[in-house]
Structure formats: structure tokens, C-alpha cells
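Asker: structure here, sequence nowhere to be found:
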């Protein structure tokens, strides 16, 4: 029970990597407020989790600042404090070369990934700084360390999240608050399976060929799991992680060069 008595908020927590982190936190004793855009999916996730009063859902689109403010303040209102914020929500809006990318798609991707992370940190700090404790965990990506054609906006946003993580960590390091990022490789979730065909096609591959390529590029020759991401999140959220801040934690089976 590494997180017993802790209160966490997780954006994009009703499915995918976010759902895995929510499940890991609940298993370690935390109370968790998760966010998602679809109220129906959120209520279904709550029923499946079966955590009773230790889990709650707040609907909202993280491309709007009020959603992050509402999530953080909602956690405090419901449970009396917030100890952990996981900025997990994000993704890529389609696949296009830079020369062909629409400005609207660029702006949306930046807001969805980078701006949402900034707003989450900003509003969590309003509570964490006075209490002189807290954990921020930003879900970045392997693409936050490398370039990849067809998703330049997503790659740029994840690189920026890594820089934001390091700068924010420097600002609150003496206040008992840590700020870290997890950089997953390809994790097979329902979201990846849904969008994977388009991603593979942008690379001239089938979905299975894409999975095989990612696996072969890693040291472990397979994709990582949401459970493995969740385990790292638990470490960073717990008291054990108090001495780790401003770090980028790769969960990619050894794919990243650094």
C-alpha cells in the first residue's frame, strides 16, 4: 500500500495508459479522480474499477484550461487535498507531413499535449506549494526523445513537455514537490489498436509490421504493457520517489538512446 492516504488526479484516466495508472494507484491504496471527455465511458470505467468511494470521474476536454482547473479543484473538494497529478491525456490529430499540415491540427495537438500539461501543473501547484508536498507525473513519449515523420506536432509537444518537466522541477525542488516524466514506447492499448492502422500506413506498413518493427528496435524485443507504465508511476508518486525529480523515465524496452 505505497500510496495509502494519497489523493491522485489522472487526465485521460478512463482508458489506455491512463486507465492502467489509475488501476495501479488504486491497488496501492490511493483515492483517484480521473478525467475523460466521454461521461458514459467514465461511468463505465468507475463501475469496472469497483473502487467505491475511492474513485471518481470528472468529464472534460483537456484542450480547455477550465477542465484542468476543475479536475484539480474537484479532487481537493472531494478528498480534501491533492498529492499526485498525472498529466496523461494527449495524442496526435492525424498524420501529415509538415509541408501539408493544417494550422488547426498543429494548434489542437499542441493544446492537447503541451498546453494541457502546463495547465495541469499550474493548477496543481496552487495546492501543492502551500502544503509543501506533491508529485507531478507527465506522460511524455519515446517521440519526446526522437523525431518521426508525419507527427511533427506531437513530437514537438512531447519534446516541450520534457523541457517543461525539467524547468518546473527546478522551481519547486526545495518544497517537497517532484516533477518527472514517463516516456513510453509503443504500448498496445485499445487506443493504439484503434488508430494503429493509420499510424502504420503513414510509415508504409501494416499494423502488425509496425508492431514488429517497434519490438525489434527494443532490447526486450516486445512492446511494454500498461502495467509496466503503471509500476513506474507508482514509484514516482510514492514517498520512495522523493529524491527523483526533473527526470525522464523511459518505459520503452530499451529503445531510446538516452
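Answerer: Looks like it arrived, so ask away. Small disclaimer: the values here were computed from a predicted structure and weren't measured.

Asker: which parts of this protein are strands?
Answerer: 7-10, 31-36, 55-59, 84-87, 134-139, 177-184, 248-251 (DSSP state E).

Asker: most packed of those?
Answerer: strand 84-87 (a mean of 29; mean count of other CB atoms under 10 Å). C-beta: built from backbone N, CA, C; applies to glycine.

Asker: hmm, back to that, out of the strands of the chain, which gets nearest to residue 228?
Answerer: strand 248-251 (5.7 Å; CB to CB).

Asker: what lies in contact with the closest one?
Answerer: 140, 142, 144-145, 162, 165, 180-185, 187, 224, 228-229, 232, 236, 256 (CB atoms under 8 Å, 6 or more residues apart in numbering).

Asker: burial of residue 219, as a residue count?
Answerer: 9 (other CB atoms under 10 Å).

Asker: wait, it sits on residue 254?
Answerer: Yes. Taking contacts as CB atoms under 8 Å, residue 219 lies within contact range of residue 254: 3.0 Å.

Asker: centroid-nearest residue for this protein?
Answerer: residue 88 (2.0 Å; CA atoms, centre = their mean).

Asker: residue 244 against residue 181, yeah?
Answerer: No. Using CB under 8 Å, residue 244 makes no contact with residue 181, being 11.2 Å away.

Asker: any idea how far the residue in the chain sticking out farthest from the centre is from residue 150?
Answerer: Distance from the centre of the chain peaks at residue 99, with 28.6 Å (CA atoms, centre = their mean). Using CB to CB, to the nearest Å, one obtains 12 Å as the distance from residue 99 to residue 150.

Asker: got it, and residue 71?
Answerer: In terms of CB to CB, residue 71 sits 31 Å off from residue 150.

Asker: ok, those two, which is more surrounded?
Answerer: Regarding residue 71 and residue 150, a neighbour count based on other CB under 10 Å identifies residue 71 as having more, with 27 against 19.

Asker: was I right about the more buried one contacting residue 13?
Answerer: No. The criterion here is CB under 8 Å, and residue 71 misses it with residue 13 at 9.6 Å.

Asker: intersection of neighbour lists for those two?
Answerer: residue 35.

Asker: lowest average confidence, helix or strand, in the protein?
Answerer: helix 190-202 (a mean of 72; mean pLDDT, DSSP states H and E).
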